[in-house]
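Colleague: The sequence and its predicted three-dimensional model are supplied below.
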Amino acid sequence: MSFPAARVGDLTVTGDAILPPGVPTVLIGGLPAACVGDKVSGLVINYAPGIIATGGFTVLIGGRPAARVTSMVNGLTIGPLGVPVPVATTIVKGQPNVLIGDMGVAVPPPPEVQAQLKTMDEEVKRKEAELKKKKS
């Protein structure tokens, strides 16, 4: 199935925006293309920028899968007592006349994105440990 291509400035279902630079040498509707590994931030993903974790594997831009409507974004939000909480959202806005498809096959994110996701998970665990230590 094909979905509209995501670009810098396009939004997720939670209203978070894809941050620059994207791929500035590839313009879609006049805006830089967004790819797996690009950063996202806003009202919900507010602890640190989140990252686009999935994309259409049949279209590579700058050597990375192109982001599109339905691409998943993983990030952290500030939870109770300032502890970061993992959050996932989905890109919902893109360029409607540029479609990216992949026949519905899921692909794991590239190694550098997996490393970023692991770092986010470690940060959550570190903050939780700090909070437990303060309580005891």
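Modeller: Ah, there it is.
Colleague: Helices along the chain, start to end?
Modeller: 111-135 (DSSP state H).
Colleague: And the residue nearest the centre of it?
Modeller: For the chain, the residue nearest the mean C-alpha position is residue 52 (2.2 Å; Cα atoms, centre = their mean).
Colleague: Which strand residues bridge that one?
Modeller: residue 73 (DSSP bridges).
Colleague: now do residue 91
Modeller: Where residue 91 sits in a bridge, its partners, by DSSP bridges, are residue 12.
Colleague: Report the contact partners of it.
Modeller: The contact partners of residue 91, taken as Cβ atoms under 8 Å, 6 or more residues apart in numbering, are 6, 10-12, 18, 34, 52, 67-71, 73. The C-beta positions use only the backbone N, C-alpha and C, and glycine is treated the same way.
Colleague: cutoff 7 Å now
Modeller: 6, 10, 12, 67, 68, 69, 70, 71, 73 (Cβ atoms under 7 Å, 6 or more residues apart in numbering).
Colleague: Cool, thanks, talk later.
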